[in-house]
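Q: The amino acid sequence is not available; the structure is as follows:
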């Protein structure tokens, strides 16, 4: 059942139960008479009370609150309710009097020495009850509107978040492809056969980026496998004598799910800024799943900052990552990036 229909069903059910309890309340508080006819007459006389409450409640709930109060016609709303309450109050009063005269003839009358409270006392008492009915109608209507408005705000916020995530992903894919093609371009000059293999590997990586990336969450096993393939692709042009590469990525994701492509930016930056063509360098990448259901990614690399002429990637990677983390894992992640002399350290901790 759609959520709107479900809410409507519960609303009708609650209203029906509330009015049902009011109509059946005389049976819970018996009048103390065993005469069935008399009890039925008394009940019929009583029924006009909840009927007048229903009239006042739903005229406000369905018409006056929407057309007058919510449109900020407060004076008109109050005036219409005063007229409505007075009319219903008088109707209720005359109904009781007519019922007493022509139906409940066995009850004592005022001329027979019976002295009860004056008529205006009942009129004022009913006026107050009907005014409270108006207030209840306003309270319920405004509460329902508040819940509906909050639900709409949450839905709008959810759609905005999804749109922003989609936009960030659309930035991430070209950024990933741009950096990878730069690496393959450099590899073509050094080793054409390896460049061919790199293009073939890139096709498998792109399949993951273009298809699996469309999911909100993906298994940690697949994400680990993707990162291993990417690191292998990046390491093809590295000399083992010049670059020391330490990789510690588990094979088993323990059934956890994670947002795709969160760590690739940190790995890209490690290879981009941590490898020098002329000096000894290193890249260390380690992933660890703790007993507290957290995933810890720690990356250290030698630091060779690019000059201003190198605009590869346009520097959007880390900003993009921070925005995605704030949207997907609010208050459930820690991202640290720090330069330590000639080394650079990045650490991302996610509560899975």
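A: Noted; the coordinates are in hand. Keep in mind it's a predicted model, so treat the numbers as computed, not measured.
Q: Quick check: the gap between residue 142 and residue 351.
A: 38 Å (C-beta to C-beta, to the nearest Å). (Glycine included, C-beta is placed from N, CA and C.)
Q: now the helices: where do they sit in the stretch 151-300 of the chain?
A: 192-211, 220-235, 264-274 (DSSP state H, counting those that start in this stretch).
Q: In CSV: the ones you listed, plus mean neighbour count, mean pLDDT and distance to residue 323.
A: Listed next are the helices of the stretch 151-300 of the chain as CSV, based on neighbours: other C-beta atoms under 10 Å; pLDDT from 0 to 100; distance: least, C-beta to C-beta, whole Å:
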stretch, mean neighbour count, mean pLDDT, distance to residue 323
helix 192-211, 14, 73, 18
helix 220-235, 18, 86, 19
helix 264-274, 22, 86, 11
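Q: Tell me which of these approaches residue 135 most closely.
A: Nearest of those to residue 135, taken as C-beta to C-beta: helix 220-235 at 55.5 Å.
Q: any idea of the angle that closest one forms with helix 192-211?
A: Relative orientation of helix 220-235 and helix 192-211, computed by axes from the mean of the first three to the mean of the last three C-alpha atoms, to 10 degrees: 150 degrees.
Q: how distant is helix 220-235 from the center of its chain?
A: 33 Å (C-alpha atoms, centre = their mean, to the nearest Å).
Q: other SSEs contacting it?
A: When contacts are defined as 3 or more C-beta pairs under 8 Å, 6 or more residues apart in numbering; DSSP states H and E, helix 220-235 packs onto helix 119-190, helix 192-211, strand 243-248, strand 257-258, helix 264-274, strand 281-289.
Q: Looking at the ones you listed, which one is packed in the most?
A: helix 264-274 (a mean of 22; mean count of other C-beta atoms under 10 Å).
Q: chain center to it: distance?
A: Centroid separation for helix 264-274 versus its chain: 34 Å, with C-alpha atoms, centre = their mean.
Q: Who are the packing partners of it?
A: helix 119-190, helix 220-235, strand 281-289, strand 294-302, helix 317-328, strand 343-351.
Q: looking at those, which is closest to residue 252?
A: helix 220-235 (7.0 Å).
Q: what comes into contact with the closest one?
A: Contacts with helix 220-235, where a contact means C-beta atoms under 8 Å, 6 or more residues apart in numbering, come from 180, 183, 198, 201-202, 204-205, 208, 212, 243, 245, 247, 249-258, 260-261, 263-264, 267, 271, 285, 287, 289, 295, 352.
Q: Try it again at 7 Å.
A: 183, 198, 201-202, 204-205, 208, 212, 245, 247, 249-253, 256-258, 260, 263-264, 267, 271, 285 (C-beta atoms under 7 Å, 6 or more residues apart in numbering).
Q: Next: stretch 62-76.
A: By C-beta under 7 Å, 6+ apart, stretch 62-76 touches 77, 80, 81, 137, 138, 141.
Q: If you count neighbours, what's buried in that stretch?
A: 64, 65, 68, 69 (16 or more other C-beta atoms under 10 Å).
Q: Can you add distance to residue 223 and give the residues you listed back as a markdown table?
A: A markdown table is the format used below for the buried residues of stretch 62-76 (distance: C-beta to C-beta, whole Å):
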| residue | distance to residue 223 |
| --- | --- |
| 64 | 58 |
| 65 | 53 |
| 68 | 57 |
| 69 | 54 |
